[in-house]
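Student: with the input below, show me the fold.
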Amino acid sequence: MLYAIISDGGRQLKVEEGQTLDIDFRGLSAGEQIKFDRVLALRNDEGLQIGRPTLDTVSVTAEVVGATKGPKLVVQKFRRRKNYRRRTGHRQIYTRVKIAKIEMS
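Tutor: You can find the predicted model right below:
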């Protein structure tokens with residue numbers, strides 16, 4: 001059971017090899033590599049290693065699958081008795097990545 005906890009975009013993510021996840025948008029094309037150096041913890045056969053604050057010898061490599069959009073959020077503005085109604089929507093763009101390797105140097 002090998003997994004790592006990384007920090008990216010102000011969030012902590014638990015990642016395993018082969019996992020697909022959405023991160024904040026980066027202008028990268030499909031097939032490019034991303035390296036996450038801020039690894040906070042690592043779980044492997046030897047046990048759990050916790051960084052103070054990070055583990056310098058561990059990095060996580062991911063491959064970009066492509067850009068994707070999140071769910072649509074509806075924003076409604078309304079003022080009573082004023083005949084004022086506005087409805088807009090927003091869809092956040094994310095970069096979908098697949099975790100390729102958790103490596104220790």
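Student: please enumerate the strands of this protein.
Tutor: Under the criterion DSSP state E, the chain contains strands at 3-8, 11-15, 20-24, 33-36, 39-44, 47-50, 58-79, 84-104.
Student: dump those strands to CSV, plus mean pLDDT.
Tutor: Formatted as CSV, the strands of the chain follow (pLDDT from 0 to 100):
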stretch, mean pLDDT
strand 3-8, 96
strand 11-15, 97
strand 20-24, 97
strand 33-36, 96
strand 39-44, 96
strand 47-50, 96
strand 58-79, 97
strand 84-104, 97
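Student: now those strands as JSON lines including mean neighbour count?
Tutor: C-beta here means a position set from N, CA and C on the backbone, and glycine is covered the same way. As requested, these are arranged in JSON lines below (neighbours: other CB atoms under 10 Å):
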{"stretch": "strand 3-8", "mean neighbour count": "19"}
{"stretch": "strand 11-15", "mean neighbour count": "14"}
{"stretch": "strand 20-24", "mean neighbour count": "15"}
{"stretch": "strand 33-36", "mean neighbour count": "15"}
{"stretch": "strand 39-44", "mean neighbour count": "18"}
{"stretch": "strand 47-50", "mean neighbour count": "11"}
{"stretch": "strand 58-79", "mean neighbour count": "13"}
{"stretch": "strand 84-104", "mean neighbour count": "14"}
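Student: give me the pLDDT for residue 105.
Tutor: According to the prediction, residue 105 has pLDDT 81.
Student: how about the contacts made by it?
Tutor: Counting by CB atoms under 8 Å, 6 or more residues apart in numbering, residue 105 touches 57-59.
Student: ok, these vs residue 16, which is closest?
Tutor: Residue 16 lies nearest to residue 58 out of the contacts of residue 105, by CB to CB, at 13.9 Å.
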